[in-house]
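Visitor: I need the structure of the sequence given here:
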Amino acid sequence: MKKSYLASAVAVAAVAAQAGIMDEPAGIKMLNERLTLSPYVALSYTYDSNIDQSKHSKSGSQWSVNPGINATYKGENWKLDGMVFYKYHAYNRYTSQLNSSSYGERMKFTWASAAADEPGWRVMFSENFQQIAQDDDASNHDGRGIGRDRKQFQAEGAIERRINRYFHAAATANYYLLDYDNDVDKYATMYGWKRLSIGGEIGYTASKWSDIILAADYQWYWQDNNHGSSSYGEASRRGHDVSSDSKGFSVMGGIGSHMTERIEYRVLAGWSRFEYGDGAKDLDGWTYRANAKWQLDDANTLNIMALGSSYYQPSERSYGSAIKVYTASIGAAKGLVRNTINATVDLSYRRETHEYTEYSADAYDEDIITARIGLSYKINRIASVYGNLEYQTEETSNGHGIGHTYDYDRFRGTVGVRLTY
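Guide: Below you'll find the predicted structure:
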């Protein structure tokens, strides 16, 4: 198995594609050079054509300052990576509402008793916490509306055993928390949720280039949805609150590993069941998870990354609703001029369909498309300048009374400078 389960996919395709292309600063070496500390600070300016993410848009701009520190400690057969950051956003519009801070930390530990593809044990654990300001989000849901100020925490772990050259197995666990900072004097309520998932997989290495994989997991969900109301003021058809408890499972099969020395991939598809609201509605259907990375040249100056998934979850915007999410993204990164210039391009698509709703007005679908391009130039060992452009559009369909309420177009442009020791 060339690419084990422990190498989890990243959230943004362009970020993964550019990994390793540009040389990183040496950092501060300590403890016999096992520990490397890399402090940094970035200052940026952003123009936003649609701060409110609404049909009737208002433009604005903001300054942000972002200090932080990355740390890596390498043992004989283990590695610990971590970082902490702070980011302050200062707006020239809605200053009393939007001036805010983001901060967080993340950590990842990996250990292996043997080299890749050799019999042995491998362990991975990671966690991250973020307090996210409304605009500070690379996903498809950001802005003053959905995706406003919130806390996110995620922890995941995996233990993998390669039994011999043919068979391997892994046990996994994952916990996720999303908590919105609701201010009902300003906004309609958003519904955060928590999920605990346990599972595992087994694999058979059929050839040098492919693994056959069977994976399954079981999930428990708890949602902040006991408000008993909808933003549209309709009466509940059921006449009572929907339970905050839900559960589900997924069973998938597929293939993974390498197509060639430069192409890594993992594609799984199967059946998922989501028992929403402690029996309010049972949903099931086909779901998938996929990722692939293609290194196009020996010098590692051009990489392409693709990601995709589908899954069920409670709705974050509509009370008493369960949705199915479909995502797909592709990103590319190219190193230019001896890798002093790094160019990235990224295209992502997200679709949400309301599979069950307590309120008829909430039975709508959303399609969100985001396109980004970016350039960064390394001036010297510690200084670089960067800029990026982003366009995002959302369109809603179906739904009684929603129409195109949430439709919008948005353009953002950012320029900045970053110093890293």
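Visitor: which residues touch Gly203?
Guide: Listed by Cβ atoms under 8 Å, 6 or more residues apart in numbering, the contact set of Gly203 reads 1, 167-169, 211-214, 256. The way it works is simple: take the backbone N, C-alpha and C, and place the C-beta from them, glycine included.
Visitor: name the nearest of these relative to Tyr391.
Guide: Looking at the contacts of Gly203 and their distance to Tyr391, the nearest is Gly256, at 33.1 Å (Cβ to Cβ).
Visitor: excluding chain neighbours, what is closest to the closest one?
Guide: In this structure, Gly256 finds its nearest non-sequential neighbour in Arg266, 3.9 Å apart by Cβ to Cβ, 6 or more residues apart in numbering.
Visitor: bridging residues for the one you found?
Guide: Arg266 has these beta-bridge partners by DSSP bridges: Gly256, Asn291.
Visitor: which of the contacts of Gly203 fall within strands?
Guide: 167-169, 211-214, 256 (DSSP state E).
Visitor: could you save the residues you listed as a markdown table and add columns showing pLDDT?
Guide: Shown next, in a markdown table, are those (pLDDT from 0 to 100):
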| residue | pLDDT |
| --- | --- |
| Phe167 | 93 |
| His168 | 94 |
| Ala169 | 96 |
| Asp211 | 91 |
| Ile212 | 95 |
| Ile213 | 96 |
| Leu214 | 97 |
| Gly256 | 91 |
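Visitor: which of the residues you listed are buried? Put it as a PyMOL command.
Guide: The PyMOL command for the buried members of the ones in strands among the contacts of Gly203 (criterion: 16 or more other Cβ atoms under 10 Å) is given here:
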select buried, resi 168+211+213+214+256
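Visitor: want to throw the ones in strands among the contacts of Gly203 into JSON lines with distance to Thr205?
Guide: Below are the ones in strands among the contacts of Gly203 laid out as JSON lines (distance: Cβ to Cβ, whole Å):
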{"residue": "Phe167", "distance to Thr205": "8"}
{"residue": "His168", "distance to Thr205": "7"}
{"residue": "Ala169", "distance to Thr205": "12"}
{"residue": "Asp211", "distance to Thr205": "5"}
{"residue": "Ile212", "distance to Thr205": "8"}
{"residue": "Ile213", "distance to Thr205": "10"}
{"residue": "Leu214", "distance to Thr205": "13"}
{"residue": "Gly256", "distance to Thr205": "10"}
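Visitor: out of the ones in strands among the contacts of Gly203, which is nearest to Ser243?
Guide: Using Cβ to Cβ, these come closest to Ser243 at Leu214, 31.9 Å.
Visitor: distance check, that closest one against Gly203.
Guide: 8 Å (Cβ to Cβ, to the nearest Å).
Visitor: picking up where we left off before, could I get the contacts of Gly203 as CSV with distance to Ile368?
Guide: Converted to CSV, the contacts of Gly203 look like this (distance: Cβ to Cβ, whole Å):
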residue, distance to Ile368
Met1, 34
Phe167, 41
His168, 37
Ala169, 37
Asp211, 33
Ile212, 34
Ile213, 30
Leu214, 32
Gly256, 28
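Visitor: what is the nearest of those to Ile198?
Guide: Ala169 (14.5 Å).
Visitor: what residues are bridge-paired with that closest one?
Guide: In beta-bridge terms (that is, DSSP bridges), Ala169 pairs with Arg161, Ile202.
Visitor: now do the same contact list for it.
Guide: For Ala169, the contacting residues are 160-161, 163, 200-203, by Cβ under 8 Å, 6+ apart.
Visitor: now with 10 Å, please.
Guide: 5, 159-163, 200-203, 214 (Cβ atoms under 10 Å, 6 or more residues apart in numbering).
Visitor: so what sits against both of Leu214 and Gly203?
Guide: 169, 254.
Visitor: relative to Arg262, how far out is the residue nearest to Leu302 when sequence neighbours are not counted?
Guide: With sequence-adjacent residues excluded and distances taken as Cβ to Cβ, 6+ apart, Leu302 is closest to Leu296, at 4.3 Å. Distance of Leu296 to Arg262, computed by Cβ to Cβ: 7 Å.
Visitor: same deal with Thr189?
Guide: Using Cβ to Cβ, Thr189 is found at 48 Å from Arg262.
Visitor: show me which of the two is the more surrounded one.
Guide: Thr189 (17 against 14; other Cβ atoms under 10 Å).
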